[in-house]
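>>> sequence plus predicted model, see below.
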Amino acid sequence: PRQWLAMPQQRLAETTGGAVFHDGLGSLTAARRVLAWYPEQVWRYLLACQWQRISQEEAFVGRCAEVGDDLGSAVVAGRLVRDLMRLCLLLERRYAPYGKWLGSAFRQLAAAESLAPSLRGALAATDYPERERRLTRAYETVAELQNAAGLCAPVDPRTRPYHSRPFLVLRAERFAQALARTVTDPWLRDRPLTGAVDQWADSTDFLNQGVGVPAAAGCPPEGPSAQT
């Protein structure tokens with residue numbers, strides 16, 4: 001699990017995707033077979049962490065609007081749209097690619113046709129009520145997809161008020177907690193819901209490092225390089 005969490009999804013996508021024109025020794029084919037998708041326990045943990053990311057900011061769309069910061073509300077909405085797209089890729093067992101290709105990868109998903117209008121609408125909205133309407137529809141759609149996956153006990157997919165505030169959220173931490181309860185691997189079970197390296201860092205320069213990423217993820221490099 002440590003090594004899986006230290007590998008950015010974009011690197012896994014690069015390794016396992018695309019045409020192979022020659023693999024005489026079969027080493028690439030063997031590597032692709034091993035890296036085709038996360039082990040199930042890692043997958044469940046990463047899904048829980050992605051829901052946790054959404055829970056951290058979903059209320060900020062309304063809270064920014066509440067104090068007259070419409071630009072801030074729109075920025076947070078954009079971040080949530082990106083996180084929902086990456087969550088859908090995880091649910092459909094597809095590695096999220098480099099940001100330039102995220103929309104192209106999302107478009108190939110089974111969920112894209114029903115979900116894309118809500119996501120586009122949230123990004124294009126020029127006022128908070130429309131932004132909230134589009135986001136809540138997207139939240140509920142993805143929540144239903146999560147329930148349909150059967151990975152944990154069903155969670156009510158309907159949005160609800162954020163405590164006593166006059167705006168709607170999913171309370172996505174409910175899904176994070178339900179999935180976390182299905183993680184039985186001792187090391188993953190005891191970790192906070194911070195996720196893989198690219199769930200908490202998105203600097204391209206950082207993620208492209210060969211040694212710094214595993215070290216920062218708590219996975220020291222193995223082999224001779226570990227001696228230097």
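Received the coordinates, thanks. For clarity, every value in this text was computed on a predicted model and none was experimentally measured. Residues are numbered from 1 along each chain as shown.
>>> chain neighbours aside, what residue packs nearest to residue 112?
Excluding the flanking residues, the one nearest residue 112 by C-beta to C-beta, 6 or more residues apart in numbering is residue 106, at 5.7 Å. (C-beta placed from N, C-alpha, C; glycine too.)
>>> which residues does the one you found contact?
By C-beta atoms under 8 Å, 6 or more residues apart in numbering, the contact set of residue 106 is 85, 88-89, 112, 116.
>>> tell me which element the residue of the chain positioned farthest from its centre is part of?
Farthest-out residue of the chain from its mean C-alpha position, per C-alpha atoms, centre = their mean: residue 24, at 35.4 Å. Taking DSSP states H and E as the definition, residue 24 sits outside all helices and strands.
>>> how far away is it from residue 30?
Separation of residue 24 from residue 30 (C-beta to C-beta, to the nearest Å) stands at 12 Å.
>>> repeat for residue 173
From residue 173 to residue 30 the distance is 39 Å (C-beta to C-beta).
>>> ok, those two, which is more surrounded?
Neighbour count, other C-beta atoms under 10 Å: between residue 173 and residue 30, residue 173 has more, with 17 against 11.
>>> what ranges do the helices span in this protein?
Taking DSSP state H as the test, the helices found in the chain are 2-5, 9-16, 27-35, 40-57, 60-66, 70-91, 102-107, 112-124, 128-149, 173-180, 186-189, 197-200, 204-207, 212-216.
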